[in-house]
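*Asks:* Quick check, what structure comes out for this input:
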Amino acid sequence: MSSDVLKSLAKEALMMPQEKLQRVGVKNQKLFIGIPKETSFQENRVSLVPEAVSLLVNNGHRVCVETNAGKNANFSDNDYSEVGAEICYDPQEVFRADIIIKVAPPTKEEINMMPGNQTLFAALQLSVHPKNTLELLIQKKITAIAWDFIKDEEDVYPVIRSMSEIAGIKSVTIASHYLSNLNEGRGTILGGIAGVSPTEVVILGAGTVGEFAAKSAIGLGASVKVFDDNVYKLRRLQNDLNTKVWTSIINPKVLEKALMRADVAIGALRSVNGRTPCVVPESMVENMKEGTVIVDVSIDQGGCFETSQVTNHKSPTYTKHGVIHYCVPNIASSVSRTASFALSNIFSPLLMEIGKEGGIARKVREDIGFRHGVYVYKGTLTSKTLGDAFNLPFKNIDLLLMAL
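*Replies:* So this is what the prediction gives:
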């Protein structure tokens, strides 16, 4: 038989439908997932929406939802029970689940309700994560995973990106709201109409928040200027926006001139570790036009305007030097239903993968991006940042897994 015929037969064989091969020793694991009601101040999001719970339940997983867990995101207990969730009226029942998934960092009271040897998914916020809660997680041999530090296959933090998209879009709609004379603003519309000069928007930061703020402002017809110290980010922003936009590195003199003419200034700078750089001193704010609106999205890391002070959703603004300041740390929570869907779109496939791959331990071993979010593994602190911050012993998780 000729080689051409053999190649043809081999090609046909490859094209034939074949049974998918499963890894030896990997068995689907049925998960027991608990969704507690968020107790943190003005945290309105819920980690899994009813549609995601339906997917999990239909695949054999058990989901326990604390009563009213989705209320602030406009999901009723009935919405969850109709898709197969168990509604729990005692929070202790929820915290007995093998996997607890919540939005805000756990409180000491919540950790005390956990029997131990469980997995906890929650945000990791050093400012609200005291040493005693961390020691309690270690004592109870919890595997604690910071969902905001989990990476995907493209080395991106999917939750941070998703929440940043919301914050970027929302920052522009917030600014538009406070520019109105009904809210003590300048009485201008954010954007531009024929015969009237467009609103000028200055954005500090060319990351995800800055990108989506720029898209929204440009879409409304505003004139946009973006500042960042990273030229690569500015170039990427130009490319992603698919339009030419005024950009500059953060030069104090250039920035001051732009802020003097601005109607809106959005703080969207981020720091990998520690505080956001404060690039706008009070003297620059004093020279801004009266009625200008500042939306400091970076306030959760200290803010990039010297005049920024933390506010909340009930009292979101204050005026200083005639400039309206909006400095609410958790902007995404103001659109809790949208934000909950965005979180759920990330968490539900992740939980499905964990079940298919045989549980948390195997997922941690085999997925380096997922492993990046682990800061306590079965009672051992694996985060150098937390270890240094609280003077606690820690172990590198890769070395720890090799020893197990």
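
*Asks:* how close does residue 179 sit to residue 134?
*Replies:* Plainly put, residue 179 is 43 Å away from residue 134 if you go by Cβ to Cβ, to the nearest Å. Any C-beta I mention is one placed from the backbone N, CA and C, and that applies to glycine too.

*Asks:* How is this protein divided into domains?
*Replies:* Domain assignment for the chain, taken from automatic domain parsing, gives 26-149+335-403, 164-329.

*Asks:* got the ones you listed as TSV, with mean pLDDT columns?
*Replies:* Rendered in TSV, the data for the domains of the chain read as follows (pLDDT from 0 to 100):
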stretch	mean pLDDT
domain 26-149+335-403	93
domain 164-329	92
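
*Asks:* Mind checking those domains for the one nearest to residue 155?
*Replies:* Taking Cβ to Cβ as the criterion, domain 26-149+335-403 is the member of those that comes nearest to residue 155, at 7.2 Å.

*Asks:* Give me the distance between the closest one and the centre of its chain.
*Replies:* Using Cα atoms, centre = their mean, to the nearest Å, we find the averaged C-alpha position of domain 26-149+335-403 to lie 14 Å away from the chain's own average C-alpha position.

*Asks:* right, and residue 289 touches residue 262 too?
*Replies:* Yes. The pair residue 289 / residue 262 is scored as a contact, 7.5 Å apart, by Cβ atoms under 8 Å.

*Asks:* These two - which one has more neighbours?
*Replies:* The neighbour comparison of residue 289 against residue 262 (other Cβ atoms under 10 Å) goes to residue 262, with 22 against 14.

*Asks:* Nearest residue to residue 301 in space, ignoring adjacent ones along the chain?
*Replies:* Excluding the flanking residues, the one nearest residue 301 by Cβ to Cβ, 6 or more residues apart in numbering is residue 276, at 4.0 Å.

*Asks:* Could you do residue 231 as well?
*Replies:* residue 249 (6.7 Å).

*Asks:* Residue 198 too?
*Replies:* Distance criterion Cβ to Cβ, 6+ apart; nearest residue to residue 198, sequence neighbours excluded, is residue 192 at 3.0 Å.

*Asks:* Which strands or helices does the helix or strand containing residue 174 pack on?
*Replies:* Using DSSP states H and E, residue 174 sits within helix 158-179. Contact here means 3 or more Cβ pairs under 8 Å, 6 or more residues apart in numbering; DSSP states H and E; on that basis helix 158-179 packs against helix 208-219, strand 264-267, strand 293-296, strand 323-326, helix 336-356.

*Asks:* can you redo those as JSON lines with mean neighbour count and distance to residue 80?
*Replies:* JSON lines is the format used below for the helices and strands packed on helix 158-179 (neighbours: other Cβ atoms under 10 Å; distance: least, Cβ to Cβ, whole Å):
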{"stretch": "helix 208-219", "mean neighbour count": "24", "distance to residue 80": "30"}
{"stretch": "strand 264-267", "mean neighbour count": "29", "distance to residue 80": "36"}
{"stretch": "strand 293-296", "mean neighbour count": "29", "distance to residue 80": "34"}
{"stretch": "strand 323-326", "mean neighbour count": "23", "distance to residue 80": "33"}
{"stretch": "helix 336-356", "mean neighbour count": "19", "distance to residue 80": "12"}
